[in-house]
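Peer 1: here is the input, now give the coordinates:
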Amino acid sequence: MTKCRLLILFIFFSSWVYADCQFADGDQMLTVKEGESLSLRSPGKSLETLKIQDQDGLNTCYANATSTILKSILPGQPDVSYTHAAIMGTTRGWQEDWNKENNKYLNKVQKDDNFTSFGWVCETVAGMRNAGGACPSKLSVTENKNLWDSDLQQRLFQGLGSYFDHMNLIKNDPAKMSSLKKDLSLAIEAINVEKVKLTEQCEKRKNTRFPLYEAVKYLFEDAYYEDITDSSKCSIAKTKALKRFLDPESKISKDRLHLIPSEEVIGHFFKMFEDNKLEAEGLDRFLSSSDNSENNEILISNIGNKLNSFLLKEIPDSEVKAACSQIPEGQSAYLKGEILDMTQSFIFQMKNNKDSPCKDLLYSHGLDDLLRPMNNTKSCLAPTNIDMILSAMKPLLDLEVPMNQSLLPTLLNPESRYANQIVKALMPGCMDKTKLISLDNVACGSFPFCDPKDKFDDNNTYSGPAGGCLGQDQAKKMMRTKSLKGINQGRALGVAVCTGFMYNPDIKTNFCKEGLEKGKSYNFHEMTITGYRCHSDKIEYEIVNSWGNRCEDNRNVECQKDEYDTPTGPFWVKEDALVDSTTDLNTITVKNK
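Peer 2: Numbers count the residues shown, from 1 in each chain. Modelled structure (predicted):
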């Protein structure tokens with residue numbers, strides 16, 4: 001009998017603790033049942049095929065949100081280019097002065113900002129409409145690659161922006177433009193000659209039994225660039241020993257792009273492994289095995305001993321050599337002793353070279369050595385053009401844009417609108433208005449929680465309170481009404497916030513006008529609401545951000561994660577925290593015909 005009563009009480013209290021979420025929208029009482037959720041990213045919904053975007057350092061959150069909302073409402077749910085949206089929003093939306101003669105891309109107050117930094121959803125829609133429509137993301141170079149470097153997009157816009165700033169200052173001078181064209185052709189030719197040379201080296205190394213080239217090269221490069229001021233006496237001695245090999249008179253010299261070990265030195269290392277039959281066989285197994293753990297510790301230890309012996313031989317001071325002989329050997333390609341991560345060890349460098357012998361044949365940072373004069377030799381490029389060319393070529397090379405003479409029209413185009421120069425370089429298909437998606441039948445609305453004036457200055461720094469705000473209950477009602485209605489209709493919404501709640505769960509900002517330390521920079525940020533749920537009798541919203549998979553859990557934020565417990569980018573946020581840190585909501589709808 002007692003057990004039955006306890007069971008009844010448990011069921012009663014369980015149902016009481018987790019009640020349904022209810023609220024009035026002004027016309028009727030709405031209910032979201034406990035545990036019920038709706039996400040537009042679910043199968044069959046409007047954002048089922050949404051790709052999580054990463055704005056990197058472009059500061060284009062407003063354009064990322066706009067493209068996500070447009071995908072949810074446009075027929076066929078097309079992927080809309082956020083880079084095109086940012087360019088058009090800026091130059092044809094709210095800052096038409098970007099089209100004035102001699103205006104520059106890089107004239108923002110913050111040194112890392114470019115002309116796409118910061119904006120608004122509805123003005124972005126207006127800018128795209130004025131340009132003829134939205135561009136499909138499949139036409140954008142940057143949005144269809146797995147970028148190896150999260151800052152590449154920013155460097156691309158900065159580099160091309162700087163290049164076109166300089167080019168537009170000389171475009172009416174025939175002599176200077178002729179010089180630039182000649183230098184661009186020479187630079188492209190030099191890059192291609194270097195690629196052929198590096199490819200030949202790669203092909204030569206492909207079938208080597210012990211692919212030592214990269215491992216030895218990294219060892220020497222690390223010695224060359226090593227900051228030894230805080231290292232031990234022995235690390236300093238061994239580093240200097242390797243640096244002697246890098247003397248121009250030695251067999252190992254600094255190549256234009258890499259520190260190239262000589263055949264003699266490669267042969268020395270090869271013999272070091274080949275002489276020990278058991279060790280050589282173990283190394284063969286490791287290099288051909290998919291199991292990276294096979295004999296790792298023994299191999300790393302043995303090879304660490306050999307590396308250490310090799311370096312000790314090159315130390316000229318006999319006392320230092322004797323003292324260093326007594327300390328544990330360095331096992332890494334990094335000269336400072338025992339390694340924490342085996343993947344940085346010498347033999348792992350060999351395995352990487354075995355698996356990907358032609359990886360990263362030409363790095364962008366190598367262009368400086370390739371195109372600039374070295375050892376007081378005269379450059380074939382005009383010195384005034386080198387910096388300008390490098391700023392454009394480096395990010396294009398990282399983006400794997402083909403380096404050939406067809407690149408010249410892209411970099412020499414005389415478009416009157418600055419925006420079109422960038423568009424032609426990164427998304428030439430977007431110049432064709434027949435390929436754009438019409439936004440003539442689209443309406444955009446912005447619903448502020450406060451008077452938006454005087455909250456942040458031009459540096460995005462909090463500058464004082466603003467009046468004319470909704471009450472928290474009114475704001476919560478607006479958030480629920482517009483969000484739930486939109487999500488139920490398949491429409492995502494934009495939400496503009498100050499980002500303190502994402503890091504500090506205790507912060508209270510009252511719509512970003514209180515609780516913020518004066519003089520401190522706060523991110524004013526645009527995200528997208530793509531779902532809702534009733535969780536522990538509280539409404540929570542699903543947020544899609546534009547920071548790739550970056551997300552941090554706290555009491556208000558629950559990051560969505562994959563099977564390996566790694567954040568995927570979207571997150572759930574508690575309603576009270578989101579409402580308190582919101583400045584306005586933005587909706588995009590298709591007009592009734």
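Peer 1: for stretch 410-422, output the C-alpha coordinates as PDB.
Peer 2: C-alpha atoms of stretch 410-422 as PDB (Å, rounded to 0.1, in the frame of the first residue of the first chain):
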ATOM      1  CA  THR A 410      39.800  40.100 -62.700                       C
ATOM      2  CA  LEU A 411      42.600  42.200 -61.100                       C
ATOM      3  CA  LEU A 412      42.700  45.000 -63.700                       C
ATOM      4  CA  ASN A 413      38.900  45.500 -64.100                       C
ATOM      5  CA  PRO A 414      37.900  49.100 -64.200                       C
ATOM      6  CA  GLU A 415      34.400  48.800 -62.800                       C
ATOM      7  CA  SER A 416      33.100  52.100 -61.600                       C
ATOM      8  CA  ARG A 417      31.500  50.600 -58.500                       C
ATOM      9  CA  TYR A 418      34.000  49.400 -56.000                       C
ATOM     10  CA  ALA A 419      31.700  46.600 -55.000                       C
ATOM     11  CA  ASN A 420      31.600  45.200 -58.500                       C
ATOM     12  CA  GLN A 421      35.400  44.800 -58.500                       C
ATOM     13  CA  ILE A 422      35.200  42.500 -55.500                       C
END
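Peer 1: may I see the buried residues of it?
Peer 2: Residues of stretch 410-422 classed as buried: Thr410, Leu411, Tyr418, Ala419, Asn420, Gln421, Ile422 (neighbour count, 16 or more other Cβ atoms under 10 Å). C-beta here means a position set from N, CA and C on the backbone, and glycine is covered the same way.
Peer 1: give me the pLDDT for the last one.
Peer 2: This means Ile422. For Ile422, the pLDDT comes out at 85.
Peer 1: and it, that's in a helix?
Peer 2: Yes - assessed by DSSP: H, G, I helix; E, B strand; the rest coil, Ile422 belongs to a helix.
Peer 1: where in the stretch 201-350 of the chain is pLDDT low?
Peer 2: Across the stretch 201-350 of the chain, the ranges flagged by pLDDT under 70 are 205-206, 214, 220-231, 243-262, 264-265, 290-301, 304, 326-344.
Peer 1: need the strands for it, in chain order.
Peer 2: 253-254, 259-260 (DSSP state E, counting those that start in this stretch).
Peer 1: the longest helix along the chain - contacts with which helices or strands?
Peer 2: Ranked by residue count under DSSP state H, the longest helix found in the chain is helix 174-205. Helices and strands touching helix 174-205, by 3 or more Cβ pairs under 8 Å, 6 or more residues apart in numbering; DSSP states H and E, are helix 152-170, helix 367-371, helix 383-398, helix 407-411.
Peer 1: let me have those helices in a markdown table, extended by mean pLDDT and distance to Pro136.
Peer 2: Listed next are the helices and strands packed on helix 174-205 as a markdown table, based on pLDDT from 0 to 100; distance: least, Cβ to Cβ, whole Å:
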| stretch | mean pLDDT | distance to Pro136 |
| --- | --- | --- |
| helix 152-170 | 85 | 18 |
| helix 367-371 | 75 | 32 |
| helix 383-398 | 85 | 22 |
| helix 407-411 | 86 | 20 |
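Peer 1: got TSV for the ones you listed, with distance to Ser546 too?
Peer 2: Below are those laid out as TSV (distance: least, Cβ to Cβ, whole Å):
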stretch	distance to Ser546
helix 152-170	11
helix 367-371	30
helix 383-398	20
helix 407-411	27
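Peer 1: quick one: closest of those helices to Phe524.
Peer 2: helix 152-170 (18.3 Å; Cβ to Cβ).
Peer 1: output the contacting helices and strands for the closest one.
Peer 2: helix 174-205, helix 383-398, helix 418-426.
Peer 1: excluding its backbone neighbours, what's nearest Gly429?
Peer 2: By the measure of Cβ to Cβ, 6 or more residues apart in numbering, the closest residue to Gly429 outside its immediate chain neighbours is Leu139, 3.6 Å from it.
Peer 1: check contacts around Arg129.
Peer 2: Leu439, Asp440, Val442 (Cβ atoms under 8 Å, 6 or more residues apart in numbering).
Peer 1: same thing but at 7 Å, please
Peer 2: Leu439, Asp440 (Cβ atoms under 7 Å, 6 or more residues apart in numbering).
Peer 1: you'd agree it is in a helix?
Peer 2: Yes - counting by three-state DSSP, Arg129 is part of a helix.
Peer 1: let me know the pLDDT of it.
Peer 2: Arg129 is given a pLDDT of 93.
Peer 1: same check on Pro43?
Peer 2: pLDDT, Pro43: 96.
Peer 1: check the gap between it and Leu493 for me.
Peer 2: Going from Pro43 to Leu493 by Cβ to Cβ, to the nearest Å gives 21 Å.
Peer 1: these two - which one has more neighbours?
Peer 2: A count of neighbours by other Cβ atoms under 10 Å puts Leu493 above the other of Pro43 and Leu493, at 26 against 7.
Peer 1: picking up where we left off before, between the helices and strands packed on helix 174-205, which gets nearest to Arg285?
Peer 2: That would be helix 383-398 among the helices and strands packed on helix 174-205, by Cβ to Cβ, at 35.9 Å.
Peer 1: what packs against that closest one?
Peer 2: Contacts defined by 3 or more Cβ pairs under 7 Å, 6 or more residues apart in numbering; DSSP states H and E place helix 383-398 against helix 152-170, helix 174-205, helix 367-371.
Peer 1: and these, which is most packed in?
Peer 2: helix 152-170 (a mean of 21; mean count of other Cβ atoms under 10 Å).
Peer 1: off-centre distance for that one?
Peer 2: 19 Å (Cα atoms, centre = their mean, to the nearest Å).
Peer 1: helix 383-398 and that helix, what's the angle between them?
Peer 2: 150 degrees (axes from the mean of the first three to the mean of the last three Cα atoms, to 10 degrees).
Peer 1: just the angle between helix 152-170 and helix 418-426, please?
Peer 2: 120 degrees.
Peer 1: for helix 152-170, give me every contacting residue.
Peer 2: 56-58, 104-106, 114-116, 142, 147, 176-177, 180, 388, 391-392, 394-395, 398-399, 418, 421-422, 425.
Peer 1: how does it look with 8 Å?
Peer 2: By Cβ under 8 Å, 6+ apart, the list of residues contacting helix 152-170 reads 55-58, 83, 102, 104-106, 112, 114-116, 142, 147, 149, 176-177, 180, 388-389, 391-392, 394-396, 398-399, 411-412, 418, 421-422, 425-426.
Peer 1: for ChimeraX, write a command that selects the buried ones of those residues.
Peer 2: To isolate the buried members of the contacts of helix 152-170 in ChimeraX, using 16+ other Cβ under 10 Å:
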select :55,56,57,58,83,104,105,114,115,116,142,147,176,180,388,389,391,392,394,395,396,398,399,411,418,421,422,425,426
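Peer 1: and the gap between the residue lying closest to Leu74 once chain neighbours are set aside and Gly133?
Peer 2: In space, and not counting its chain neighbours, Leu74 is closest to Ile437: 6.3 Å by Cβ to Cβ, 6+ apart. Between Ile437 and Gly133 the distance is 5 Å, computed by Cβ to Cβ.
Peer 1: these two: which has the busier surroundings?
Peer 2: Under the criterion of other Cβ under 10 Å, the comparison of Ile437 against Gly133 puts Gly133 first, with 21 against 17.
Peer 1: mind checking how far the more buried one is from Asp432?
Peer 2: From Gly133 to Asp432 the distance is 11 Å (Cβ to Cβ).
Peer 1: over to Met167?
Peer 2: Met167 is 23 Å from Asp432, by Cβ to Cβ.
Peer 1: buried residues of stretch 42-60, list them for me.
Peer 2: The neighbour-count check on stretch 42-60 (16+ other Cβ under 10 Å) flags 45-47, 50, 52-60 as buried.
Peer 1: excluding chain neighbours, what is closest to Gly584?
Peer 2: If you look again at residue 584, you'll see it is Asp, not Gly. Asp584 sits nearest to Pro448 (Cβ to Cβ, 6+ apart), 4.0 Å away.
Peer 1: sounds good, over and out.
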